[in-house]
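J.: Pasting the sequence and the predicted coordinates here, then a few questions.
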Amino acid sequence: MKSYKFHILSLTTLLLLGATTHAEAKIFERKKKKAQTEVKAAPAKQNINGLKPYAQVITPKAKSSFGFLTVHKVDNNYFFEIPDSMLNRDILIVNRISKAPTSRQKSRVGYPGDILGSKVIRFENKDNKRILVREYSYREHSENKDGMFQSVRNSNTQPIVANFGIETIKKDSLTRNYVINVSVFLQKENPLFSFDADSKEYIGLLNMVGEGTYIDTLKAFPKNIEISTTVTYQSKKGMSNVGFLETGSPRIPLTYELNSSMVLLPEVPMKARLFDPRVGYFTVGYTDFDSNPQGIEYKKLITRWRLEPKDEAAYLRGELVEPKKPIIIYIDPATPKKWVPYLIQGVNDWQVAFEKAGFKNAIYALEAPTDNPSWSLEDARHSAIVYKPSDIPNASGPHINDPRTGEILETHINWYHNVMSLLRDWYMIQAGTIDEAARKMQLDDELMGQLIRFVSSHEVGHTLGLRHNFGSSHTVPVEKLRDKAWVEANGHTPSIMDYARFNYVAQPEDGITRAGIFPRIGIYDKWSIEWGYRWLPQFQTPEDEVAFSNQSIIEKLKTDVRYTFGTESDPNDPRNQSEDLGDDSMLASLYGIKNLKRIVPQILTWSYEPNKSYAGAGEIYSGVVSQFNRYLGHVTKNVAGIYSNSITVEQTDEIAREFVPANIQKRAIAFLNEQLFTTPEWLIDRQLMEKAKILPVNVICSLQSGVLARLINKNTLDKMSENEILNGKKAYTSAQMFNDLKKVIWSNLGQSDIYKRNMQKAYVENLINLLDKKGNADKNASGKRPAYSEAPAIAHGQLTELKRLATSAASMTSGTAKGHYQNLITLIDTALSNK
């Protein structure tokens, strides 16, 4: 699924708390009883540094809860009691929305469970008079005290973000506890537990309204403090509870319930693992001043959960061993009951991947308890799939991590109710010709449940630290996708982290069942978990693991190309694409189009629902057009495409960067000429157009113009020029591309129709946009870096040639066609004269 996130959430991935062990719980209970006794027995006359005695601040009326900090409520005041053992400890603050205001702009104001942000703080004692709170960054790193350590520290003073007067100090023979009053701080704008400035600007929030802001609860737990507040903000003019009103409407307040978790980070950080671009993990990065004696290194750590074997000896013998703390993901009680088993299975499906890493029962899902009042979805100790009653057709899998090591501490997977409509559309359009159950607007619960299962598995993969692997599907030969035995045994993509929804290549005559249609945990997923999670105690530091990691990756890739990772962030490599299948974009798209041609005549039948309009038919048709456009995009990316491979010096037979071969680029243009620039009349179904109020001219012209804009632009032409410089006659050049395009777009000029005329105008306009604009030379002379591009020269030459063609066409046509060519001549003349 697309990883949709609330606007305030950065894409940085985060880390999960394990459940407290039985032994830890017993120790905590003993400490809790001791603390409760001490509160009741605190001496009334204790006085340190002139402060009030403890018993006068924390009176017998105090309601207290005990954790790594003790929280007291006395009348309407809330106090933190901070033991000296917690000073200078790293504490992660995570802010979430618990309840959001009613609004049509729900994606703007947020949903329950949305993360607002996170940061790391430390408490510091200032002369036994004040407690300072500093926000800590781990973006720069030095531990070598003989090297840059002190200099780095001096250059990175951590900011003070809060300053509390100490109300009282409780002292015994071993410890001192510092008591601060946090009530006023929590009920006003502050940099720790409320919206930041960017978030407020995005939502449209102004100042906080004091009378509508208060503390609901503060609770202490062994590893976290949970703070629940109600905050009310004045909104900008024009915003209301039901959406945005006319300019000048009165401001109205917006009230949120927020949950803030203060999570005690591990005193002994997890051993980190360095990122390798050949295995797709989310990362946390930093500048390392220690590794390179003659400079610095920019390093990235993967985000992953801390999994350590219960029985270390058995693990090292190669036996499957349970982890000390498994990954447990709860299902939100608000989730419709019939979907709960499928969401649970989507989580449990990952167990087979962790077995490759040596762990059994490493991850599983449970229904959230409904009979335990102390259990909360907002409690930072609990990870969950959070059900959101939203019209957003999506799901996402963010997570919270320890920025020091990448250790994932907690995840709240966002499951939006309307994702089911998206799943229905995908399945009908991509699998409707091979699965009869897909041919209706309301899918059977079992089929929808299985669709939900695969989406939940994908999102869980993100919460395990895995990024999208858009290159996975390209490692499968297209013809294997039609091989019933092969595809049902292996799946149509090696990774569920790819955006490869369903097997759209399979044809009805192939007889392929759902086993060969649906995504699943694949060979790459199992390998990526093995690489990221295998326990390697023989290495003391992340750097010690590098040689072993490099060799293991090289060996895997030699055994099977399906272990390949392809980044989702490469705009040039046609192997790494969203929603594509197979190793040949043209062949795979051709099969996909064959299925779309079968669907269009059936849309009115498949979308039929008694007593309803034809809106469903229009929705399905729109989905077909979008799918067709995806196929066109998959093909277009091959033109001026560049293969990019992450390699190390040990991979002597590999090439890091190479242009897509000329014959493949030429095939791509030929495909576009045949399937798009020659009018795709199969999209024009007269009865469907009339019933669903569809305008075919808008649909087809939009598709054609969109692809032309991707072909005729500066980026494409610049890459072609570079290819020609490097590869000479072996390159597919811009001149060859324009000649191939002209064979259809500029042929039979005396017999043009509305579609061809639209393409020709779009073609000319894209070329005109490439010309140097008047005044550019002056800008370059004034110091602006010149653009080293031949695109303007190429465009000038092409426009000159097109003027000649348009002049000839105008002389042999009449009516609208003649006017069209005369208009093109005027556009070209005006552009070339630079007026």
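T.: On my side now, so go ahead.

J.: Could you chop the protein up by domain?
T.: 47-264, 312-570 (automatic domain parsing).

J.: Report the distance from the longest one to the chain centre.
T.: I take that to be domain 312-570. 14 Å (C-alpha atoms, centre = their mean, to the nearest Å).

J.: helix, strand or coil for residue 65?
T.: Secondary structure assignment for residue 65 (DSSP: H, G, I helix; E, B strand; the rest coil): strand.

J.: hang on, the earlier thing: quick one, which of the domains of the chain gets closest to residue 666.
T.: Among the domains of the chain, the nearest to residue 666 by C-beta to C-beta is domain 312-570 (18.5 Å). C-beta here means a position set from N, CA and C on the backbone, and glycine is covered the same way.

J.: who's in contact with residue 767?
T.: Taking C-beta atoms under 8 Å, 6 or more residues apart in numbering, we find residue 767 in contact with 712, 795, 798-799, 802.

J.: Output the residues you listed as TSV; include the columns secondary structure.
T.: Output for the contacts of residue 767, formatted as TSV (three-state DSSP):
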residue	secondary structure
712	coil
795	helix
798	helix
799	helix
802	helix
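
J.: of all these, which comes closest to residue 383?
T.: So of the contacts of residue 767, ranked by how close each gets to residue 383 (C-beta to C-beta), first place is residue 712, at 48.4 Å.

J.: contact partners of the helix or strand containing residue 409?
T.: Taking DSSP states H and E as the definition, residue 409 sits inside strand 408-410. The contact list for strand 408-410, computed with C-beta under 8 Å, 6+ apart, reads 13-17, 92, 94, 261, 263, 265, 303-306, 380-383, 399-402, 463-465.

J.: List the ones among those residues that fall in helices.
T.: With helices taken from DSSP state H, the overlap with the contacts of strand 408-410 comprises residue 463.

J.: got the CA coordinates for stretch 425-443 in PDB?
T.: Extracted as PDB, the C-alpha positions of stretch 425-443 are listed here (Å, rounded to 0.1, in the frame of the first residue of the first chain):
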ATOM      1  CA  ASP A 425     -11.400  -1.900  -7.600                       C
ATOM      2  CA  TRP A 426      -7.900  -3.300  -7.900                       C
ATOM      3  CA  TYR A 427      -9.000  -6.800  -7.800                       C
ATOM      4  CA  MET A 428     -11.900  -6.400 -10.300                       C
ATOM      5  CA  ILE A 429      -9.700  -4.600 -12.800                       C
ATOM      6  CA  GLN A 430      -6.500  -6.700 -12.500                       C
ATOM      7  CA  ALA A 431      -8.000 -10.100 -11.800                       C
ATOM      8  CA  GLY A 432     -11.600  -9.900 -13.100                       C
ATOM      9  CA  THR A 433     -10.900 -11.800 -16.300                       C
ATOM     10  CA  ILE A 434      -9.500 -14.800 -14.400                       C
ATOM     11  CA  ASP A 435     -11.500 -14.800 -11.100                       C
ATOM     12  CA  GLU A 436     -15.300 -14.800 -11.500                       C
ATOM     13  CA  ALA A 437     -15.700 -13.700  -7.900                       C
ATOM     14  CA  ALA A 438     -14.200 -10.300  -8.800                       C
ATOM     15  CA  ARG A 439     -17.000  -9.400 -11.100                       C
ATOM     16  CA  LYS A 440     -19.300  -7.500  -8.700                       C
ATOM     17  CA  MET A 441     -19.400  -4.400  -6.600                       C
ATOM     18  CA  GLN A 442     -19.600  -6.200  -3.300                       C
ATOM     19  CA  LEU A 443     -17.000  -8.900  -2.900                       C
END
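
J.: any idea of the mean pLDDT for that stretch?
T.: Stretch 425-443 comes out with an average pLDDT of 96.

J.: Low-confidence bits of the stretch 251-400 of the chain, can you list those?
T.: Applying pLDDT under 70 to the stretch 251-400 of the chain picks out residues 251, 290, 292-295, 378, 390-392, 394.
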